[in-house]
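Participant: Okay, sequence plus prediction incoming.
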Amino acid sequence: MPGQIKTPTNQKLLTNVAVVRMKKGGKRFEIACYKNKVVNWRNKTEKNLDEVLQSETVFTNVSKGQVAKTADLTAAFGMDDHLEICKLILEKGDLQVSDKERQVHTETSFKEVATMIADMC
């Protein structure tokens with residue numbers, strides 16, 4: 001059947017992804033996590049790393065599936081243990097927040113401040 005398009009069977013699509021980024025040693029490293037679990041991990045309510053990470057792989061670009069090279073990981077972090085590097089990125093990296101989440105957080109903060117000011121008057 002020439003001319004037939006085949007889809008890759010080894011491709012894993014990531015859904016419900018929160019990307020946590022960290023720039024170190026002039027390179028950007030990313031990990032794919034579950035959205036709400038990152039906040040729980042940082043608040044110490046979630047202890048199981050498998051529940052937080054979608055993949056124990058460190059990427060240079062999660063959306064394109066570009067895995068970070070071992071040499072880059074060693075140069076930036078001084079080790080090539082993906083799990084330990086994932087923990088570091090989870091703790092100190094920047095969490096990607098969507099526009100809607102940011103808007104809800106801003107509105108909630110505004111309402112809290114307005115309530116506090118109204119109580120003081």
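Facilitator: Yep, it's here.
Participant: Tell me where the model's unsure across this structure.
Facilitator: Low-confidence segments of the chain (pLDDT under 70): 1-15.
Participant: List phi and psi for residue 57.
Facilitator: Per-residue torsions, residue 57: phi -100, psi 140 (degrees, to the nearest 10).
Participant: thinking it is in contact with residue 67, fair?
Facilitator: Yes: Residue 57 is within contact range of residue 67, at 5.8 Å (criterion: Cβ atoms under 8 Å). Backbone N, C-alpha and C define where each C-beta goes, glycine included.
Participant: In this structure, what residue spans correspond to helices?
Facilitator: 35-42, 49-52, 70-77, 82-92, 99-120 (DSSP state H).
Participant: Mean neighbour count and distance to residue 22 added to those helices, as CSV?
Facilitator: Shown next, in CSV, are the helices of the chain (neighbours: other Cβ atoms under 10 Å; distance: least, Cβ to Cβ, whole Å):
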stretch, mean neighbour count, distance to residue 22
helix 35-42, 16, 13
helix 49-52, 14, 15
helix 70-77, 16, 9
helix 82-92, 16, 5
helix 99-120, 10, 20
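Participant: Nearest to residue 61, out of those helices?
Facilitator: Nearest of the helices of the chain to residue 61, taken as Cβ to Cβ: helix 70-77 at 12.6 Å.
Participant: orientation of the closest one relative to helix 82-92 in degrees?
Facilitator: Angle, helix 70-77 to helix 82-92, by axes from the mean of the first three to the mean of the last three Cα atoms, to 10 degrees: 40 degrees.
Participant: Alpha carbons of helix 70-77, as PDB, please.
Facilitator: Taking Å, rounded to 0.1, in the frame of the first residue of the first chain, the C-alpha atoms of helix 70-77 are listed here in PDB:
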ATOM      1  CA  THR A  70      23.300  13.400  29.600                       C
ATOM      2  CA  ALA A  71      26.300  15.700  29.000                       C
ATOM      3  CA  ASP A  72      24.100  18.800  29.500                       C
ATOM      4  CA  LEU A  73      22.600  17.300  32.700                       C
ATOM      5  CA  THR A  74      26.000  16.500  34.100                       C
ATOM      6  CA  ALA A  75      27.400  19.900  33.200                       C
ATOM      7  CA  ALA A  76      24.400  21.800  34.800                       C
ATOM      8  CA  PHE A  77      23.600  19.700  37.800                       C
END
